[in-house]
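Q: build the 3D model from these lines:
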Amino acid sequence: MSKSIAVGLTLIAFYLVGGMSARHDIFPWPQLSSLKRTVEGEKPPPPSRYTLDDNKRLIGDESKTPVTCPTQTDRTAVLLVLGQSNAANDGGQRHRSNYGARVVNAFDGRCFIAASPLLGSTDTKGEYWTLLGNELIASGQNDSVILAPLAYSGSEVARWAAGGDINPVLVDTLKKLQDTGYRVTSVLWVQGEADFVLGTPAEAYQERFMSMVDTLRQHGIEAPVYISIASKCLEPSNGGFKEHIPDNAIVRAQLALSKSGHGIREGINSDGLLDGDDRYDDCHIGGSGAEKVSQAWLNLLRSEGSRVATSQ
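A: Numbering: from 1, shown residues only. Just a heads-up that it's a prediction; the model follows:
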């Protein structure tokens, strides 16, 4: 009888210890799990249409339609899109070209009919750059639009500066565009939320941003760089805070940079433009937000186009 009780208590102890070990990932659970993987081998990931690199950048999508890269004319917009998640494939609404191969996604020396998610940026949700491309053509501003996105979710500005891990990827992207025969007409920068959370000082933000701009200039990009007012991303689930402070160091840095010359101009103000209903998770841009920001970019690029035409 006593032997049966002892065995029962031992089994209960093993059960409790095993449960606690698994829940908190402490000895011996990790060791046993590792041994199991060694014996059974790693299970291959389930099949997916998407191919992501180690930084979750979308570099392949079986659904894409390859096309011959359109020849650039003076009626072609070549938009280099840079930044973090609200420039990447984290939108709440997908879009596709309404004009076939007149709105394309340029990536790695090839072109594809533009459709969310775009190759070149992280994640696999929606984006609004394709919508902007459609609107640029519908408005008569451009005959064709080349979208060249390079945006990394959660990236701080230091990663884009010389010495940062994204800087060499930026250089490679520029070379691939030039090898394809494209001259960038506008650089659209949507970033700042990560640096607001990190508490990056205004001076440091400006210095690192200018380092990124120097990289662009050193590699032949003469186009204006539009810096958005972007610092708002709420809730801890998104890496943000509960509340936002509109007047902050990042916004002050962005405003100062837009007035500093060097071909840097003020982009759209997504902090002020979007309300709570426009962000599907208190941070990322949903359907109504996509319509607002794409319209704002359209108005900005059209006004800049008119200004250039008048000056000529």
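
Q: export stretch 210-222 as PDB, just CAs?
A: Only the C-alpha atoms of stretch 210-222 are listed here, as PDB (Å, rounded to 0.1, in the frame of the first residue of the first chain):
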ATOM      1  CA  MET A 210      21.400  63.200 -42.500                       C
ATOM      2  CA  SER A 211      23.800  60.300 -42.700                       C
ATOM      3  CA  MET A 212      21.100  58.300 -44.500                       C
ATOM      4  CA  VAL A 213      20.500  61.200 -46.900                       C
ATOM      5  CA  ASP A 214      24.300  61.400 -47.500                       C
ATOM      6  CA  THR A 215      24.200  57.800 -48.500                       C
ATOM      7  CA  LEU A 216      21.500  58.600 -51.100                       C
ATOM      8  CA  ARG A 217      23.400  61.600 -52.500                       C
ATOM      9  CA  GLN A 218      26.700  59.600 -52.600                       C
ATOM     10  CA  HIS A 219      25.000  57.000 -54.800                       C
ATOM     11  CA  GLY A 220      23.500  59.400 -57.300                       C
ATOM     12  CA  ILE A 221      20.100  60.100 -55.900                       C
ATOM     13  CA  GLU A 222      19.400  63.800 -56.500                       C
END
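
Q: who touches stretch 157-169?
A: 82, 150, 152, 155, 170, 191-192, 194-195, 200, 205, 207-209, 211-212, 214-215 (CB atoms under 8 Å, 6 or more residues apart in numbering). In short, each C-beta sits where N, CA and C put it, glycine included.

Q: got the end-to-end distance for it?
A: Start-to-end span of stretch 157-169 (CA to CA, to the nearest Å) is 14 Å.

Q: in that stretch, what's buried?
A: Val157, Ala158, Arg159, Trp160, Ala161, Gly164, Ile166, Asn167, Val169 (16 or more other CB atoms under 10 Å).

Q: also stretch 243-262?
A: Burial within stretch 243-262, assessed by neighbour count using 16+ other CB under 10 Å, is assigned to Asn248, Ala249, Ile250, Val251, Ala253, Gln254, Leu257, Ser258.

Q: for those residues, which one is nearest Gly220?
A: Taking CB to CB as the measure, Gly220 lies nearest Leu257 of the buried residues of stretch 243-262, at 21.2 Å.

Q: got a list of what the closest one touches?
A: For Leu257, the contact set (CB under 8 Å, 6+ apart) comprises Gln206, Phe209, Met210, Ile227, Ile264.

Q: element containing it?
A: Under the criterion of DSSP states H and E, Leu257 resides in helix 249-258.

Q: contact partners for Leu136?
A: Applying CB under 8 Å, 6+ apart, we find Leu136 in contact with Ala77, Asn142, Val145, Leu298, Leu301.
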